[in-house]
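Peer 1: Sequence and predicted model, in that order:
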Amino acid sequence: MVLWIVEPLQYAFFVKGLLAGIITAVACGVLSGFVVWRGMAFIGDALAHSILPGVVIALVLGVNLLFGALGAAVLSVAAIGTLSRKKGFRDDTAIGVIFTGAFALGVLLMSKIGSFKDLTHVLFGNVLGVSVSDLILILIVGVLVVVLVILFYKELLVTSFDKTHAIAIGLSPELIHYLLLGMIAVTTVIASQTVGVVLVLALLVTPAASASLLVKSLKKIILLSTGLAVVSVIAGFYLSYYFDLASGALIVLVLSGFFIVAFIKNALAGRVRK
């Protein structure tokens, strides 16, 4: 058993990829509770696709793709926030407009420069190709997200449940919403490096969806969802190594397995109570 665990660790690409995956899992797990409780699942998917034009432009300019993705994510958040403030414009409408427009622009740019093959790792993930510079950037962003959640936990909690009370005690729900959007944006960028934009939504939603079936406190949901995300990344990596399968897809399948188990346990517990 020990040999089974240690063997892959002799390869630098595996260790770097595993570390990147764990950092990403922690960042996504910490935000997952707020994403689910606020009903923001769609925005994770939208941002994951909106970063595509930034990635393509970064590829053309020859700079780190993560910088291009981060720039596109920040612009998308600003655009969504600006449209959402317009009277008669709902959040889902603004998200839909930005999401489809940015993704279409990304696809157009990809077709123009003929880079579909070069960017398949962005769409589907290439965590085993993470470089040292990528790992450092992922670590910085991951630590930043966790620290911000710890510092502004009470504000995020209050504005998630009662905006009227938040305003009454001097908080700005709009400002906190922008903060959360920004954290989701940068987390989406680092997650795209591990599982790709197609599967990033699972890391932002499935952990908390599973945890909420087992515990009710938001703090417990955040802790449990983070744990589930980390375990899924580790399990996905080892399964990928030994069975020669895509690590990103395996991570999400393990997460889905946890959700199924949690759903069944919740349903059985409900029957027992009845």
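Peer 2: Yep, it's here.

Peer 1: Kindly provide the distance from the nearest residue to residue 95 once chain neighbours are set aside to residue 100.
Peer 2: In space, and not counting its chain neighbours, residue 95 is closest to residue 46: 4.7 Å by C-beta to C-beta, 6 or more residues apart in numbering. Yep, even glycine has a C-beta here, placed from its N, CA and C like the rest. Per C-beta to C-beta, to the nearest Å, residue 46 is found 9 Å from residue 100.

Peer 1: Compare those two and say which is more crowded by neighbours.
Peer 2: Between residue 46 and residue 100, counted using other C-beta atoms under 10 Å, the more crowded position is residue 46 (25 against 13).

Peer 1: so which strand or helix has the more buried one?
Peer 2: Element membership for residue 46 (DSSP states H and E) is helix 41-50.

Peer 1: Following the chain onward from that helix, which element is next?
Peer 2: From helix 41-50, the next helix or strand downstream (DSSP H and E) is helix 52-61.

Peer 1: Helix or strand next in line after that following helix, which one?
Peer 2: That would be, after helix 52-61 and using DSSP H and E, helix 65-84.

Peer 1: mind checking how far that following helix is from the chain centre?
Peer 2: Chain-centre distance of helix 65-84: 15 Å, with C-alpha atoms, centre = their mean, to the nearest Å.

Peer 1: can I get the CA coordinates of the helix or strand just after it in PDB?
Peer 2: For helix 65-84, the following helix or strand on the C-terminal side (DSSP H and E) is helix 91-113. Output of helix 91-113 as PDB, limited to C-alpha atoms (Å, rounded to 0.1, in the frame of the first residue of the first chain):
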ATOM      1  CA  ASP A  91     -28.000  38.800 -12.800                       C
ATOM      2  CA  ASP A  92     -28.700  35.700 -15.000                       C
ATOM      3  CA  THR A  93     -29.400  38.000 -18.000                       C
ATOM      4  CA  ALA A  94     -26.100  39.800 -17.600                       C
ATOM      5  CA  ILE A  95     -24.200  36.600 -17.100                       C
ATOM      6  CA  GLY A  96     -25.800  35.100 -20.200                       C
ATOM      7  CA  VAL A  97     -24.900  38.100 -22.400                       C
ATOM      8  CA  ILE A  98     -21.300  38.200 -21.200                       C
ATOM      9  CA  PHE A  99     -20.800  34.500 -21.200                       C
ATOM     10  CA  THR A 100     -22.000  33.900 -24.800                       C
ATOM     11  CA  GLY A 101     -20.300  37.000 -26.200                       C
ATOM     12  CA  ALA A 102     -16.900  36.300 -24.600                       C
ATOM     13  CA  PHE A 103     -17.000  32.600 -25.500                       C
ATOM     14  CA  ALA A 104     -18.000  33.300 -29.100                       C
ATOM     15  CA  LEU A 105     -15.100  35.800 -29.300                       C
ATOM     16  CA  GLY A 106     -12.700  33.200 -27.900                       C
ATOM     17  CA  VAL A 107     -13.900  30.600 -30.500                       C
ATOM     18  CA  LEU A 108     -13.600  33.100 -33.300                       C
ATOM     19  CA  LEU A 109     -10.000  34.000 -32.300                       C
ATOM     20  CA  MET A 110      -9.100  30.300 -32.000                       C
ATOM     21  CA  SER A 111     -10.400  29.600 -35.500                       C
ATOM     22  CA  LYS A 112      -8.500  32.700 -36.800                       C
ATOM     23  CA  ILE A 113      -5.100  31.700 -35.500                       C
END
